[in-house]
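Trainee: structure, please.
(chains A and B)
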Amino acid sequence: MRAHRGILLFALALAVLPIIPGLPPFWITLLNNIGLASLVAIGLVLLTGVSGMTSFGQATFCGFGAYTTAVLTTTYGLSPWISLPIALLVTGLAAVALGLVTVRLSGHFLPLGTIAWGISLYFLFGKIELLGRHDGVSGIPPLSIGSQSLIDPKAMYWVIWTCVLLAGIGTSNLLSSRIGRAIRALRTGGVAAESFGVNRTSMKLIVFVYAALLAGLSGWLYAHLQRSVNPTPFGLGAGIEYLLMATLGGAGHVWGALIGAGLVTLLKDALQRILPALFGNDVQADPIVFGILLVAALHFAREGLWSRLAALFPSVTPATPSLEVFPLPHRVIEKTEHASLLSIESASKRFGGIIAVNDVSFSVEPQQIMALIGPNGAGKSTLFNLITGVLTLTSGTIRFVNESIGNHAPPDIAQRGIARTFQHVKLVPDMSVLDNVALGAHLRGRSSVVASVLHLDRTEEARLLAEASRQIARVGLSEHMHKPAGSLPLGQQRIVEIARALCLDPRLLLLDEPAAGLRQLEKRSLADLLRQLRAEGMTLLLVEHDMSFVMKLADQIVVLDLGGKIAQDTPAAIKTNPAVLAAYLGTEP
Amino acid sequence: MDGLILLFLLQDGLTNGAIYALLGFALVLVFAVTRIIFIPQGEFVAYGGLTFALLSIGKIPSTIWLLLVFGIASCVIQLWRTRYLLTLRSFIREIAGGIALPLAVFFLIRMLARPDQSAWLNFLLTLAIVVPMGPYLYRIAFQPLANASVLTLLIAAVGVHLSMVGLGLVFFGPEGLRAPTLTDISFTLGKLPFTGQTIAVYAVTLALTGGLYLFFDRTLRGKALRATAANRLGARLVGISVAGSGQIAFALSSFLGAISGILIMPVTTVYYDTGFLIGLKGFVAAIFGALASYPITAVAAIAVGIIEAFASFHASSYKEVIVFMLIVPVLLWRSLYAPQIEEDE
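Mentor: Numbers count the residues shown, from 1 in each chain, chains lettered A, B, ... in the order given. As a prediction, this is how the structure comes out:
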């Protein structure tokens, strides 16, 4: 509620500002520019700060929005209100086309790609006859409501800042939703998100298009405010400025975008007015200063200004989700004839010349705890990655409920009811434990992006959070629910991963070294939890190095060594198996 | 299109391609040693070319002021950063490197700048001005970020690019310049004319390629740079200074940039922001080589030059659009061909 009050106060301040008598009209112009930049920067916060895709090309999308409306309203005489949806459509289509390629670029190739098409399209804007080449298009009509023309910057102020506020609220809504959690999980690799049913590429594309649409909207407003367009404000330089705004404000915070946009716009204005007065005619120092500022921000304030500002205010503990909601439905399990739930048949995986998993076969019976043990490098984690589709099989088959799942994509395997934890914890460190766990329930909700932006997903969201909260309580971490996951000790982070996996409502649970880093007491309660899960009908496959933990818990043990299976038996028999002893202790069999 | 035009275009493409190759080498080198994707590489081209052009009409290039500013800034920042470890020796070294050296260059230029000065001396003077800027820049902008991610370094590089283009405008003004050729020899082979400039481009590129090879293969410094490229921690453990390697890499980068600038001056009119576009073409080549392979970079650079030559013949106004759009599929191919390991970032 505190956040809502903040936004309300901010909106009120914005509404009062232009009514203040004696306010220089020039201020309104500046505020309008800040608003236009904020729209782009909000999109960039989502794109770069939250989902980790650094784009230098956002100005290009402003260009799509601005040029579309410029041509439609001048050459074709359409009303700006009709050209708005068309401008957004054109921007969206361009974003889909560019995004399909861009989001597939890995690591630092992605920003390079945005630089490349950013420059290309800038040149293209200046070459096309229809777009007026380098001179651009002028004589664009102002917006009008009824017979009232919004030619006065003061009138545009209302339109622009209404858009900014709505964009900010909508984006915040999106981030605090089921889809928002998936987006936030993209930055830290995305493998975990995929293992819980998030389609990484399409999620990235959604974010990319969303950010582009905000830039396109800004371009549309710009065209009708400025009443003329030319290629200059849509080049790489402008793209870099937008990134500077998002970085300065704090790349992960929606409202930080406004601070960044405000600072950069004011600074730019100051530089453009003061320096020529000092040094005469046309010294353009703003690029020099902005460049230095960007580097300085990376040196001294990589977190951005928003988090420093936010630190000045007391933090509010978010509400604990209410459990008094209609619980999520459970997976419907049809009775099957098949004895085994998971069967692995001659699975092999090669990495170049190395055979990580070599012709391994075994099957897991329902309601069983099977342990996978073996020395380091035996291929246990690789096998997990094969089962969950993170890696593809070189040869062999993997069946789940008698259907082949080998080489299926991780989201599909998650959909079938296989959940997992990771040997190297894959949580989003700056997201709360609750949100991390709720990511596990991603497939149990279905709200769309639009519903999330409009906050129409609240009933479902409450049910998802209630489920997450229930699973957190089950693993005994309720008191840590609102802490950032990264602040927990590593052992507890593994437990958080188990709670997240339980949120999927799985039939088969794969645990990769769940007891590592836990103390004796914690290990005992973990073992109790796993037994309880088995009693409730869950099947478990786990990799673990703590032998006493495994021996007390498992029904069956498979031993791997150097990629091959060397034994499968009950714990008691494994203890005396000569091949296993040889693998672990190095004695001759 | 007849055979002669084809040959013309090929020759043109090869000449430009040779220059792109030099820039591509510099980018690969800087990335390998420092993990910086050095977007401002092209600015050294503009600085070098414009400095050379001004020297050849006997003007004092304003870049010497820039050199002084860079030198002093780097010196002050370095002294501040090492203020608790400062010894008399390191203090003198910083002053000598950051203030005395640019001052010496400053007075040298004032002494030697004449309209009738030999082109080759101007060539050396240009290098004396532009080359030290590389290491200064590294120390100012990148050394404190040495352990940051590739992405952070890239954003910093873009920031440096923005500043350097802005400085270029302040120091050179918006007008473009050309410079005379280094030699006036010319001859025709069959029907195809060769100018001394073209030959100089080929000769310099080959000589520098050979020189770089010898440097990296035969000298201890070069091997130290390769060691830094292969494993920074390992290099430090055997006593190689990572910061020192970074400075050398940047010196080579500004050296290659300045030479490229001097070589293209007689062929193209260079503006304060032309360097960026030229540098980006070297960039396309370096990306082809995954910012790692010198031979692939060289071949790709020639290819870019030739594609550009044909593009400017057939669709001259879309030349830039075509060349830069080329990067995107190459990036995509590189992403799919060498997917990054998705372990914890």
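Trainee: so for stretch A:359-374, mean pLDDT?
Mentor: For stretch A:359-374, mean pLDDT is 91.
Trainee: show the end-to-end separation of that stretch, please.
Mentor: One end of stretch A:359-374 to the other measures 16 Å (Cα to Cα, to the nearest Å).
Trainee: that stretch: which residues count as buried?
Mentor: The neighbour-count check on stretch A:359-374 (16 or more other Cβ atoms under 10 Å in any protein chain shown) flags A:360, A:362-364, A:366, A:368-374 as buried. The way it works is simple: take the backbone N, C-alpha and C, and place the C-beta from them, glycine included.
Trainee: can you tell if stretch A:46-64 touches chain B?
Mentor: Yes: under the criterion of Cβ under 8 Å from any Cβ of the partner chain, chain B is reached by stretch A:46-64 at A:54, A:56.
Trainee: now the end-to-end length of that stretch.
Mentor: 20 Å.
Trainee: quick one on the thing from earlier: which of the buried residues of stretch A:359-374 sit farthest apart?
Mentor: Farthest pair in the buried residues of stretch A:359-374 (Cβ to Cβ) is A:366 and A:374. Separation: 24.0 Å.
Trainee: what about the residue of the stretch 301-450 of chain A found nearest chain B, neighbour count?
Mentor: Relative to chain B, the nearest point of the stretch 301-450 of chain A is residue A:424 (5.7 Å; Cβ to the nearest Cβ). Under the neighbour criterion other Cβ atoms under 10 Å in any protein chain shown, residue A:424 is assigned a count of 10.
Trainee: tell me the SS of it?
Mentor: coil (DSSP: H, G, I helix; E, B strand; the rest coil).
Trainee: where does the chain have low pLDDT?
Mentor: All of this refers to chain A. A:1-3, A:251, A:278-283, A:334-338, A:587-589 (pLDDT under 70).
Trainee: think we crossed wires, I meant chain B
Mentor: Along chain B, segments meeting pLDDT under 70 span B:1, B:182-183, B:337-345.
Trainee: and the one helix or strand residue B:137 maps to, does that touch chain A?
Mentor: Applying DSSP states H and E as the criterion places residue B:137 in helix B:133-137. No: residues of helix B:133-137 contacting chain A under Cβ under 8 Å from any Cβ: none, with a closest distance of 10.4 Å.
Trainee: helices or strands up against the next helix or strand along the chain from that helix?
Mentor: Sequence order places helix B:150-172 as the next helix or strand after helix B:133-137, per DSSP H and E. When contacts are defined as 3 or more Cβ pairs under 8 Å, 6 or more residues apart in numbering or on different chains; DSSP states H and E, helix B:150-172 sits against helix A:109-125, helix A:236-249, helix A:286-300, helix B:41-56, helix B:63-81, helix B:274-288.
Trainee: deepest of those helices, which one?
Mentor: Most buried of the helices and strands packed on helix B:150-172, by mean neighbour count (mean count of other Cβ atoms under 10 Å in any protein chain shown): helix B:41-56, with a mean of 29.
Trainee: residues in contact with residue B:222?
Mentor: Residues in contact with residue B:222 (Cβ atoms under 8 Å, 6 or more residues apart in numbering or on different chains) are B:214-216.
Trainee: what's the distance between it and chain A?
Mentor: Distance of residue B:222 to chain A, computed by Cβ to the nearest Cβ, to the nearest Å: 26 Å.
Trainee: doesn't that residue lie inside a helix?
Mentor: Yes: when three-state DSSP is applied, residue B:222 is found to be in a helix.
Trainee: for the spatially most central residue of chain A, which non-adjacent residue is closest in space?
Mentor: Chain A has residue A:183 as the residue nearest its centroid, 2.1 Å off, counting by Cα atoms, centre = their mean. For residue A:183, ignoring the flanking residues on the chain, the nearest one in space by Cβ to Cβ, 6 or more residues apart in numbering or on different chains is residue A:51 at 5.1 Å.
Trainee: list the residues that contact the one you found.
Mentor: Contact analysis of residue A:51 by Cβ under 8 Å, 6+ apart lists A:183-184, A:186-187, A:203-204, A:207.
Trainee: and which of those is nearest residue B:158?
Mentor: For the contacts of residue A:51, the nearest to residue B:158 is residue A:187 (19.8 Å; Cβ to Cβ).
Trainee: picking that back up, which of the contacts of residue A:51 fall within helices?
Mentor: A:183-184, A:203-204, A:207 (DSSP state H).
Trainee: could you redo the contacts of residue A:51 as CSV and give each row distance to residue B:226?
Mentor: Output for the contacts of residue A:51, formatted as CSV (distance: Cβ to Cβ, whole Å):
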residue, distance to residue B:226
A:183, 41
A:184, 40
A:186, 35
A:187, 33
A:203, 40
A:204, 36
A:207, 39
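Trainee: host element of the most centrally placed residue in chain B?
Mentor: What sits nearest the mean C-alpha location of chain B, by Cα atoms, centre = their mean, is residue B:257, with 2.6 Å. Under the criterion DSSP H and E, the helix or strand holding residue B:257 is helix B:242-264.
Trainee: number of residues surrounding residue B:230?
Mentor: Neighbour tally, residue B:230, other Cβ under 10 Å: 11.
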